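[1] The sequence and its predicted three-dimensional model are supplied below.
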Amino acid sequence: MADDSELSILTSVKARVDKITIDGLKKTKDSLMVNMVQNKFKNVNNFQDMLLEAYEVKDRLSSLGIFSRVGISIDTIRDDESSIGYEVIYNVEEKGHLSGKISTTVENNDGALVLKSEVPNLFGRAEKLSIEYQVSKRARKGINIDLKAPLKPWTYHNPVITTSIFQNYTDKPWSGFHQVDRGLLSDLSFNSFADINHSFRWAGIWREIQTTGSSFQIREQSGHSLKSSIFHTMTLDRRDGPLLPNLGYLVRLNQEYAGLGGDTNFFKHELQISQSIPLVSNISVEGSIKAGLMNSSSSIADRFFLGGPMSLRGFKMNGVGPHSEGNALGSTTYWIAGLHLYAPLPFKKTHSLENWLKAHFFLNAGNIGNFSFNGDSVKYFNNLLNRVRLSAGFGIVVSFLSLARLELNYCVPLSLQPGDRPDRRFQFGIGFEYV
């Protein structure tokens, strides 16, 4: 890293950029590259400014996802004896016409093998066609075809439109059924002020619930249904890491309205807030709260569930709340809060180890139920705070390559209600979202 004297030398060297060249383009449209670099060097006054702008443009080009390599070189352009300008040259290598990979996904402790093929830069403007085939550990198969197209990737807002056709299978063993979703969706995402990300989505889904020896309350909901929904997601993420943060905060709001056709109709809102604060010696504390509310739900597929190794720990997966013959029924209202303390393990300290592997102490509280609001806010909040479940425990947490969070905790349920399914033992959890 350059010291102050080196930086002062760079700032004292006058510089102007007279030419920008991008070598190696084959399929990419020139108009996209012109917009990506246009007006980027107009305020350059010295050599340091030029270097900073050059690397910022490099990051912009790399973020398109269409190049396997982006290199920079700078050459001089001499107009006469007293005037020297510079040419910034980007040497790029476009990705191949077709790529494929094999990976795994984890959600709610359920995993799947994923075979994925991609066609990058489909029409030369950074579009991407993806075909994904999934096989779950219970041999459920799914397919997803996405076409993603950035509209103006050179702008701050960076709007991206995505269209998808899909068929997904989801097992819900805690409720005794599995679900098949077939449909299509269209999504528009963009950044607004203060780095707040918004996503607006419409989805039309043909759903089928197939029961497997379930209670009568589950079996009576089996069969087919149609849902047409619009979604809005707002995310403000200022954390220094999504899985094991040490500093920063997260605010996420999810909203859904179903009823634009089909036989399903409801409003649904979900809010999550978390804050991480560093203490001393790489010890940090994180507090989070998440709550959801919906006005009604005719299908168990849309309800809220609570409990499990990544949410209300100390209870079985979705084992908190109303049950019938051992099957979780879900509810229209819930809240959960978590307080976490992270500390380095007493091993030989290395900077990288402390960033992804830590000791974990937690306290969870939450509630779930069909709490209706009839204009009496005092009674409503009393219902939310009555019959609260509590749990505490300790263990280790691992941030696995920024792809998943792994937890192994010994959990102790401190307060539970009739019908709950406690799990007083070591719990292993893996996923991307947690409370």
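    Alright, I've got the coordinates.

[2] for the top helix by length along the chain, packing partners?
    Of all segments of type helix in the chain, defined using DSSP state H, the longest is helix 47-63. Judged by 3 or more CB pairs under 8 Å, 6 or more residues apart in numbering; DSSP states H and E, the packing partners of helix 47-63 are helix 4-12, helix 30-37, strand 67-80, strand 83-94. In short, each C-beta sits where N, CA and C put it, glycine included.

[3] Any buried residues in stretch 147-155, and which?
    Buried residues in stretch 147-155, counted by 16 or more other CB atoms under 10 Å: 147, 148, 149, 150, 153, 154.

[4] And stretch 407-424, by the same measure?
    Across stretch 407-424, burial judged by 16+ other CB under 10 Å covers 407, 409, 411, 413, 416, 420, 421, 422, 423.

[5] so where do the strands sit in the stretch 301-435 of the chain?
    In the stretch 301-435 of the chain, the strands defined using DSSP state E, counting those that start in this stretch lie at 323-324, 327-328, 333-343, 357-369, 389-400, 404-415, 426-431.

[6] Next, the buried residues of the third one.
    Residues of strand 333-343 classed as buried: 333, 334, 335, 336, 337, 338, 340, 341, 342, 343 (neighbour count, 16+ other CB under 10 Å).

[7] now swap in the fifth one and tell me
    Neighbour-count burial for strand 389-400 flags 389, 391, 392, 393, 395, 397, 398, 399 (criterion: 16+ other CB under 10 Å).

[8] Could you do the fourth one as well?
    Using 16+ other CB under 10 Å as the burial criterion, the residues of strand 357-369 that qualify are 357, 358, 360, 362, 363, 364, 365, 366, 367, 368, 369.

[9] I'd say the third one and residue 406 touch.
    Just to be clear, that refers to residue 360. No - if you go by CB atoms under 8 Å, residue 360 and residue 406 don't touch, sitting 10.5 Å apart.

[10] Show me whatever sits in contact with both of the two.
    residue 397 (CB atoms under 8 Å, 6 or more residues apart in numbering).

[11] domains in this structure, as residue ranges please.
    Residue ranges for the domains of the chain, per automatic domain parsing: 4-94, 195-431.

[12] from the ones you listed, which stretch is densest packed?
    Of all the domains of the chain, domain 195-431 has the most neighbours on average by mean count of other CB atoms under 10 Å, namely a mean of 17.

[13] so how far does it reach from one end to the other?
    End-to-end span of domain 195-431 (CA to CA, to the nearest Å): 25 Å.

[14] Show the average pLDDT along that domain.
    The predicted model assigns domain 195-431 a mean pLDDT of 90.

[15] just to revisit the earlier point, can you list the strands of the stretch 301-435 of the chain in TSV and add distance to residue 199?
    Output for these, formatted as TSV (distance: least, CB to CB, whole Å):
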stretch	distance to residue 199
strand 323-324	34
strand 327-328	28
strand 333-343	23
strand 357-369	26
strand 389-400	24
strand 404-415	22
strand 426-431	20
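
[16] which stretch among the ones you listed comes nearest residue 57?
    Of all the strands of the stretch 301-435 of the chain, it is strand 389-400 that lies closest to residue 57, at 30.9 Å by CB to CB.

[17] Now do residue 295 against residue 302, distance only.
    Distance, residue 295 to residue 302, using CB to CB, to the nearest Å: 11 Å.

[18] which neighbours do the two share?
    By CB under 8 Å, 6+ apart, the residues touching both residue 295 and residue 302 are residue 266.

[19] tell me the SS of residue 287?
    With DSSP: H, G, I helix; E, B strand; the rest coil as the basis, residue 287 sits in strand.
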